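[1] Sequence and predicted structure below; questions after.
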Amino acid sequence: MSTYEVKAGLAEVEPFTVAGISIVTDNERAAEDINTLWQRFFEERVGQNIPSRTDDVIYAVYSDYEGDHTKPYRLTIGYRVKNIDEIHCNMHSVPVRAGEYAVMSAAGGQPRAMLAVWEAVWSGDLDRAYGTDFEVYGSRFFEEGVHEVLVHVGVK
């Protein structure tokens, strides 16, 4: 059973920091770049190198947008941390901005479900902030048959 509540709609998010590994990419290269980053994340056991992480929930944070979703941005995959003083020099930390986020569930076959949510965001009429967006890979992601990711998109 899951230990966190599934929310959909709008949610107010308090600021927090994620530390992990990152890349700068754009939607033309994203599929290959993001797959490579996830592969590195698991092969390098990034979580073992983050002593100040708060729990085992994995975050994928989109930040440093150079415009809208068609322009380059940074993706950081890692863990929520208490402080950045203890992270290794080869790690990247990103502050997730406080504010209102549209929250959507991407459940089922991955990465297909995740791509469907992002395509809906890109083609939809959300008034996006393009500050930080993030995905939460909690316990329900690892449940057989569920594979749920919560997608948070910053809105104005």
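    Received, thanks.

[2] which helices and strands sit right next to the helix or strand harbouring Glu100?
    With secondary structure defined by DSSP states H and E, Glu100 is part of strand 99-106. Of the remaining helices and strands, those touching strand 99-106 by 3 or more CB pairs under 8 Å, 6 or more residues apart in numbering; DSSP states H and E are strand 9-13, helix 112-123, strand 128-137, strand 149-155. (C-beta placed from N, C-alpha, C; glycine too.)

[3] Using a markdown table, lay out those together with mean neighbour count, distance to Ile34 and mean pLDDT.
    Converted to a markdown table, these look like this (neighbours: other CB atoms under 10 Å; distance: least, CB to CB, whole Å; pLDDT from 0 to 100):
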| stretch | mean neighbour count | distance to Ile34 | mean pLDDT |
| --- | --- | --- | --- |
| strand 9-13 | 11 | 22 | 92 |
| helix 112-123 | 14 | 10 | 91 |
| strand 128-137 | 20 | 11 | 97 |
| strand 149-155 | 22 | 13 | 96 |
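
[4] Between those, which one is closest to Glu86.
    Between Glu86 and the helices and strands packed on strand 99-106, the tightest spacing by CB to CB is seen for strand 128-137, at 21.5 Å.

[5] Please list the outside residues in contact with that closest one.
    18, 57-63, 65, 67-69, 94-97, 99, 101, 106, 114, 121, 149-156 (CB atoms under 8 Å, 6 or more residues apart in numbering).
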